[in-house]
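Asker: Dropping a prediction and its sequence here:
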Amino acid sequence: MNRKISSLFFAFLFMFMGSFVFAQHETEGEKLAEKVEHTEEESNFNATKMIMEHIGDSNEWHLWTTKDENGEEHHVSIPLPVIIKDNAGWHTFLSSSIAHGHEHDGYTMEHGQVVSTKGVEKAMLFALISGKQKSGDVFFDLSITKNAASMLLSVIFMMIVFIGMARNYKKSQLPKGFGKLMEPVIVFIRDEVAIPNIGSVKYKRYMPYLLTAFFFIWFNNLFGLIPFFPGGANLTGNIAITAVLAIITLLITLFSANKDYWKHIFMPPVPILLYPIMVPIEIIGVFTKPFALMMRLFANITAGHIMILAIISLIFIFKTPFLGFASVPLALFVSVLELLVAALQAYIFTVLSALFIGIAVAEHDHGHEEHAH
């Protein structure tokens, strides 16, 4: 029961922390798409803009685009809730109210992002901290974006799957339905990831987090490969999400660390004259580990999406259907590889998290060390 509660806690922690970061985070895709719009207006197909809009976040869930007899484009999208706080108070409405050039309460939508029609900047977390922005001169965008909605759907999916498994186990120890696929994976995480890296004594305490992190990343990686609703969101390819996951691993590691871990950082086993060099290096190492977790997951998932879209874009760039005989099979091959990468990246993140936690909670044989000295 405690493990179930812990898993649900971590799932909702990912969801709400990720939503908070989304409110402060402006993707690079938005900036790049804005630049190429002015430099490549003469081109009928802008591959850079298309790719960046796909991997970036949005305040609407775009489904498809159609053209009428006059060649005018009509976009079909699922509107998402827009929640804004500014000097005038709170503004809540659906993104359809500001789509396609419409204005509502002084806001409109450009490239899928909410912008102020009065020139007010969106609040950015680091800009506020550094003093470049003042809280009274900006608006806070707390909207449910495409990535936030995708994250909510994945959490609901996980709850349905694993609560259903828990109910089946109360009736019988034999897995049923989706549990037949999930049980070997759970056992693998326990026997090949948690126990070898954390130890057979302490691993149970961290299993809820490791399992939640693995399935959260794996499921969202798979959902991101689905080209239609409710898939297609580049959730794990958003650095805000990978940063939250890495920060949670860091916090668990630091709060679980024993005195041997801290002693190794502030009193490393080297001559005292080397302390001014080694201690800062050890402290930096504490933060570079989660940073590597964050960047590895973000870069690999984003690169996969960009590669598939770039290969397909070749057909429209060269404007010849014959290129499709090469691009489509190649894109399909890369997509199949991405299925492997989806599980591999979830596994790597979980293994490294378990390894960092294991290092922090490991007990050292001091008597043996003293005897050796």
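Answerer: Here it is on my side, so go on.
Asker: Please, where are all the helices along this protein?
Answerer: For the chain, the helices defined by DSSP state H occupy 2-24, 28-39, 47-55, 125-130, 146-171, 179-188, 195-198, 207-225, 239-256, 259-266, 275-317, 324-361, 366-372.
Asker: Could you identify which of those is most buried?
Answerer: With neighbours defined as mean count of other C-beta atoms under 10 Å, those peak in mean count at helix 207-225, which reaches a mean of 23. C-betas here are computed from N, CA, C, even on glycine.
Asker: elements contacting that one?
Answerer: Contacts defined by 3 or more C-beta pairs under 8 Å, 6 or more residues apart in numbering; DSSP states H and E place helix 207-225 against helix 2-24, helix 146-171, helix 239-256, helix 275-317, helix 324-361.
Asker: try it again with 6 Å
Answerer: When contacts are defined as 3 or more C-beta pairs under 6 Å, 6 or more residues apart in numbering; DSSP states H and E, helix 207-225 packs onto helix 2-24, helix 324-361.
Asker: Could you check the angle that helix makes with helix 239-256?
Answerer: 170 degrees (axes from the mean of the first three to the mean of the last three C-alpha atoms, to 10 degrees).
Asker: Averaged pLDDT, helix 207-225. What do you get?
Answerer: For helix 207-225, the mean pLDDT works out to 94.
Asker: Excluding chain neighbours, what is closest to V270?
Answerer: Excluding the flanking residues, the one nearest V270 by C-beta to C-beta, 6 or more residues apart in numbering is M278, at 5.4 Å.
Asker: looking at this structure, which helix or strand does the model trust least?
Answerer: The helix or strand of the chain with the poorest confidence is helix 28-39; it has a mean of 42 (mean pLDDT, DSSP states H and E).
Asker: For G285, give its distance to M295.
Answerer: According to C-beta to C-beta, to the nearest Å, G285 and M295 sit 15 Å apart.
Asker: now S116
Answerer: In terms of C-beta to C-beta, S116 sits 32 Å off from M295.
Asker: Kindly report the same for F139.
Answerer: Taking C-beta to C-beta, one finds F139 at 30 Å from M295.
Asker: One more: G179?
Answerer: 34 Å.
Asker: and if you look at Y107?
Answerer: Counting by C-beta to C-beta - Y107 and M295 are separated by 33 Å.
Asker: repeat for I277
Answerer: 26 Å.
Asker: what do you get for K134?
Answerer: 31 Å.
Asker: what's the answer for I186, then?
Answerer: Taken as C-beta to C-beta, the span from I186 to M295 is 28 Å.
Asker: need the helices of the chain in JSON lines with distance to H62, can you?
Answerer: Listed next are the helices of the chain as JSON lines, based on distance: least, C-beta to C-beta, whole Å:
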{"stretch": "helix 2-24", "distance to H62": "17"}
{"stretch": "helix 28-39", "distance to H62": "13"}
{"stretch": "helix 47-55", "distance to H62": "8"}
{"stretch": "helix 125-130", "distance to H62": "26"}
{"stretch": "helix 146-171", "distance to H62": "8"}
{"stretch": "helix 179-188", "distance to H62": "31"}
{"stretch": "helix 195-198", "distance to H62": "41"}
{"stretch": "helix 207-225", "distance to H62": "15"}
{"stretch": "helix 239-256", "distance to H62": "20"}
{"stretch": "helix 259-266", "distance to H62": "47"}
{"stretch": "helix 275-317", "distance to H62": "14"}
{"stretch": "helix 324-361", "distance to H62": "20"}
{"stretch": "helix 366-372", "distance to H62": "60"}
